[in-house]
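S.K.: Return atomic coordinates for the entry below.
(2 chains)
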2 protein chains.
Amino acid sequence: MAQGKAGDYRILHEAALRDYLAGLPDIAALLGAEPVSWSITEVGDGNLNLVFIVKGDRGGIAVKQALPYVRLVGESWPLPLSRAHYEYLALSRQAQLAPGLVPTLLHHNETLALTVMELLEPHIIMRKGLVAGTQYPRFVDDITTFMARTLFFTSDLALSAAEKKEAIAAFAGNHALCKITEDLIFTDPYRIAVQNRWTVPYLNQFAASLRGDMNLHVAVSRLKLKFMASPEALIHGDLHTGSIMVTDDQTRVIDPEFAFYGPMGFDVGAVIANLLMAYFASAGHERSPDERRAFEAWVLGTVEQVWNEFARKFLDLWRADARGDAYPATLFAGETGSARLEAERKAYMQRLFGDAVGFAGAKINRRIFGLAHNIDFELVEDPRKRAVSEARSVGLARALMVDTAEFPDIASVTTAARELRTWMPEFATG
Amino acid sequence: MAQGKAGDYRILHEAALRDYLAGLPDIAALLGAEPVSWSITEVGDGNLNLVFIVKGDRGGIAVKQALPYVRLVGESWPLPLSRAHYEYLALSRQAQLAPGLVPTLLHHNETLALTVMELLEPHIIMRKGLVAGTQYPRFVDDITTFMARTLFFTSDLALSAAEKKEAIAAFAGNHALCKITEDLIFTDPYRIAVQNRWTVPYLNQFAASLRGDMNLHVAVSRLKLKFMASPEALIHGDLHTGSIMVTDDQTRVIDPEFAFYGPMGFDVGAVIANLLMAYFASAGHERSPDERRAFEAWVLGTVEQVWNEFARKFLDLWRADARGDAYPATLFAGETGSARLEAERKAYMQRLFGDAVGFAGAKINRRIFGLAHNIDFELVEDPRKRAVSEARSVGLARALMVDTAEFPDIASVTTAARELRTWMPEFATG
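M.R.: Presented below is the predicted three-dimensional model:
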């Protein structure tokens, strides 16, 4: 991995990037022909970074460079370049643990906060596919493998306590990215904040409710504390459908720059929340009534399978590969011990499910009342229709967060979603 | 603070220590007269280190030097010298947060793993006083101030998430000391381990029960996981009555080499557990029936006050000094918000109480079945009498760990202790 002196950071726009890549023999060989013939296109539609697609006559690559500020907001919101280091660290670990489910790393330059990866083609951002009503048959199996393996193998169930502490420390410096989550997901949507926005005027009353609902404030504060102080595993930290690229038969998880040791339920809840939003948004994308009923049924089925398959795979790993310091095998010897440990594994998964449910609610609210929205809702052009989809999502989100214990299993979540699908909210638009 | 090159570590026995201290002008001035006249006595009765008391004609100091192995066991059990660094770090922080409740730091040498502190005189190790039946009127106020302030001000309630993550990372390297706790407290007493011992033959059946009780194994494994993966605050990590020095009107907490970011309940539970053991051991120290009833009543009253005063002080700090990122004040504005937050504070303390109760149970069992015992029981010469006191403690310990929810408040703990005080266990001594 190329290194440079601290302070040598510069933003590589097209010409400089071409020169830089030409100086990397492996990359140049992969692209082929003369550097002058490479096409370089900036495609970053995320909130934080520059992303280039570079193509030569032999192949293509993706280049991601961190900017020293939040791209969505501008230079007024500085953000440390070190996030590229943590993203690289997380991606490397994920590649070991879930091979084939993250893009292949080709080059990393710490000083430039720049990473070169395989070009994912013809993959598209999953969220775009969901907006279009596309079903992804590989998704459940791939995302649950990714989550089960990356979370299990970085947890106390698989690591010694010493390895775990060192790993937590290795990601401790990524706190600026954590703070974005702490502020934008767990705090701002519940108070007056200049960056908040929502579908006006329809959701004005809903936003006011969010700000005045003290049971919800307690719930979100408990989740925030759990996010801050429960380093259960190396989590992706931003595992929404915009961080997943798909084809019919491939799934790739990208952009782990928010990675750190946090609660597993945050990743699982992120996937569930974003599928639930795709479900509620779907009505807004119908060109004729019930046009997308099959898609919607697939989405809810996927929500159920995401949890069920994740839990099944996580438990299988625990049964087979528990080399960590938690729940030592010597304490659960024999038939009785084995049965009691199996019951405790189920109880552990039940606690994790509760976390995922709560975090899912928080992830929904932030997309409707906070700074960063998503195209599931944003591409519904009619604001009233959009507000209907959003209001249904928000109704579910509150229940998930405040009445978490009333959702004993994933079927109870999809049942609640299905019931809300036909609810017509009344909007006080005064 | 003097520093040397890595690899320059050497054990300073009397002559070398005298030369070393003579080279420290401030220390030499404090001791007075000629170095040759200083008295140097090794007094370490702990399990890990060398401790010297050095006295000159003007004053005295205590010198603590870490050995590269566990003193209690010998060179066959190596232990990193870095623990002296973490002890120094923790002691410095505790001195800031709880001034007057830890010994004054006079000098620290990282390379020699050596720390010079004020000589605590005429303080004695509290455990010795408790064995003798001494009551300590200052203890409740001092220990609860120490715990409330050191735990609150290093928690997410007082620190930003960034400060907290950096602080966790700063102590992450102390994992060898954490592992001692993980093994000796949370694992070994519940399985066959060569270092285990107990009062034979009386407790043989109890030891076997401990090894076969799967509900207890689940309970201790949950506590172990909490110990490993809940960095709530900078905990002392070994806060038993052997780590507390007292006079009638002073209390000093010493020896924080096990310090790291862990669950607050571990410290609170340690204090409660060691008082409960002093209570149960007391019967074994009676020279005539009921001789120590007043002392025992004081001990149980102290258990109650330790929790109640700790909770009161912690809550007061939270109400006054909540500058951390958890439970942001802006989410709990106005009268309704304020009332809801106050209710949540109480719920938070209730969860912390449950942790303390569970950890207290684990701390009791390890002193009766594990490697490191304590003089509360060990100084009861008649093994049957000792076993009676130990069996009563173990009965309570199991309930605290397995039926934690049945102890809603500290009075329910002392009530259970009082009931067990008259229980005469039957020993199957075959």
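
S.K.: Can you tell me which helices and strands the longest helix along chain A packs against?
M.R.: Longest helix in chain A, counting residues (DSSP state H): helix A:334-369. Here helix A:334-369 touches helix A:204-212, helix A:214-229, helix A:264-285, helix A:293-321, helix A:375-378, helix A:383-402, helix A:410-420, helix B:214-229, going by 3 or more Cβ pairs under 8 Å, 6 or more residues apart in numbering or on different chains; DSSP states H and E. (Glycine included, C-beta is placed from N, CA and C.)

S.K.: what's the closest of these to residue B:323?
M.R.: Distance to residue B:323, taken as Cβ to Cβ, is lowest for helix A:214-229 among the helices and strands packed on helix A:334-369, at 14.3 Å.

S.K.: what's the spacing between whichever helix or strand comes after that closest one and its chain's center?
M.R.: Per DSSP states H and E, the first helix or strand lying C-terminal to helix A:214-229 is strand A:233-235. Centre-to-centre, strand A:233-235 and its host chain are 12 Å apart (Cα atoms, centre = their mean, to the nearest Å).

S.K.: Tell me the secondary structure at the residue nearest the centre of chain A.
M.R.: Geometric centre of chain A, nearest residue: residue A:239, 1.0 Å, by Cα atoms, centre = their mean. At residue A:239 the chain is in coil, as set by DSSP: H, G, I helix; E, B strand; the rest coil.

S.K.: Quick check: the closest residue to it other than its chain neighbours vs chain B, distance?
M.R.: Using Cβ to Cβ, 6 or more residues apart in numbering or on different chains and skipping the chain neighbours, the partner closest in space to residue A:239 is residue A:270 (4.2 Å). With distances taken as Cβ to the nearest Cβ, to the nearest Å, residue A:270 is found 19 Å from chain B.

S.K.: distance of residue A:270 from residue A:238?
M.R.: 7 Å (Cβ to Cβ, to the nearest Å).

S.K.: Ok, residue A:392 next?
M.R.: 24 Å.

S.K.: now do residue A:11
M.R.: Taking Cβ to Cβ, one finds residue A:11 at 23 Å from residue A:238.

S.K.: of these two, who's got more company?
M.R.: When neighbours are counted by other Cβ atoms under 10 Å in any protein chain shown, residue A:238 comes out ahead of the other of residue A:11 and residue A:238, with 23 against 14.

S.K.: Is the residue of the stretch 1-150 of chain A found nearest chain B in a helix, a strand, or coil?
M.R.: Residue of the stretch 1-150 of chain A nearest chain B, by Cβ to the nearest Cβ: residue A:80 (10.9 Å). Put simply, residue A:80 is coil when judged by three-state DSSP.

S.K.: Run through the residues that contact it.
M.R.: Taking Cβ atoms under 8 Å, 6 or more residues apart in numbering or on different chains, we find residue A:80 in contact with A:68, A:176.

S.K.: Spatially, which residue comes closest to residue A:30, not counting chain neighbours?
M.R.: Nearest to residue A:30 is residue A:59, by Cβ to Cβ, 6+ apart, at 5.0 Å.

S.K.: Check residue A:296 too.
M.R.: In space, residue A:296 is closest to residue A:282, 5.1 Å off (Cβ to Cβ, 6+ apart).

S.K.: And residue A:249, by the same measure?
M.R.: Ranked by Cβ to Cβ, 6+ apart and with sequence neighbours excluded, the top spatial neighbour of residue A:249 is residue A:138, at 5.4 Å.

S.K.: In TSV: the helices and strands packed on helix A:334-369, plus mean neighbour count and distance to residue B:309.
M.R.: Output for those, formatted as TSV (neighbours: other Cβ atoms under 10 Å in any protein chain shown; distance: least, Cβ to Cβ, whole Å):
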stretch	mean neighbour count	distance to residue B:309
helix A:204-212	17	36
helix A:214-229	22	24
helix A:264-285	26	35
helix A:293-321	18	41
helix A:375-378	21	52
helix A:383-402	22	33
helix A:410-420	17	43
helix B:214-229	22	24
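
S.K.: Near chain B, which residues of the stretch 201-350 of chain A are found?
M.R.: A:212, A:214-215, A:217-218, A:220-221, A:224-225, A:228-232, A:325-328, A:330-332, A:336-337, A:340-341, A:344 (Cβ under 8 Å from any Cβ of the partner chain).

S.K.: Indicate the residue of the stretch 301-430 of chain A located nearest to chain B.
M.R.: For the stretch 301-430 of chain A, Cβ to the nearest Cβ, closest residue to chain B: residue A:340, 3.8 Å.

S.K.: quick one, what contacts that residue?
M.R.: A:332, B:214, B:215, B:217, B:218.

S.K.: any bit of the helix or strand where residue A:93 lies sitting next to chain B?
M.R.: If you go by DSSP H and E, residue A:93 is part of helix A:82-97. No: contact of helix A:82-97 with chain B (Cβ under 8 Å from any Cβ) is absent, the minimum separation being 12.0 Å.

S.K.: Averaged pLDDT, that helix. What do you get?
M.R.: Taken as a whole, helix A:82-97 has an average pLDDT of 98.

S.K.: buried set for it?
M.R.: By neighbour count on 16 or more other Cβ atoms under 10 Å in any protein chain shown, the buried set for helix A:82-97 is A:82-91, A:93-94, A:97.

S.K.: Then stretch A:26-39?
M.R.: A:27, A:28, A:30, A:31, A:35, A:38.

S.K.: Name the residues that touch that stretch?
M.R.: A:18-19, A:21-22, A:53-61, A:106-107, A:116.
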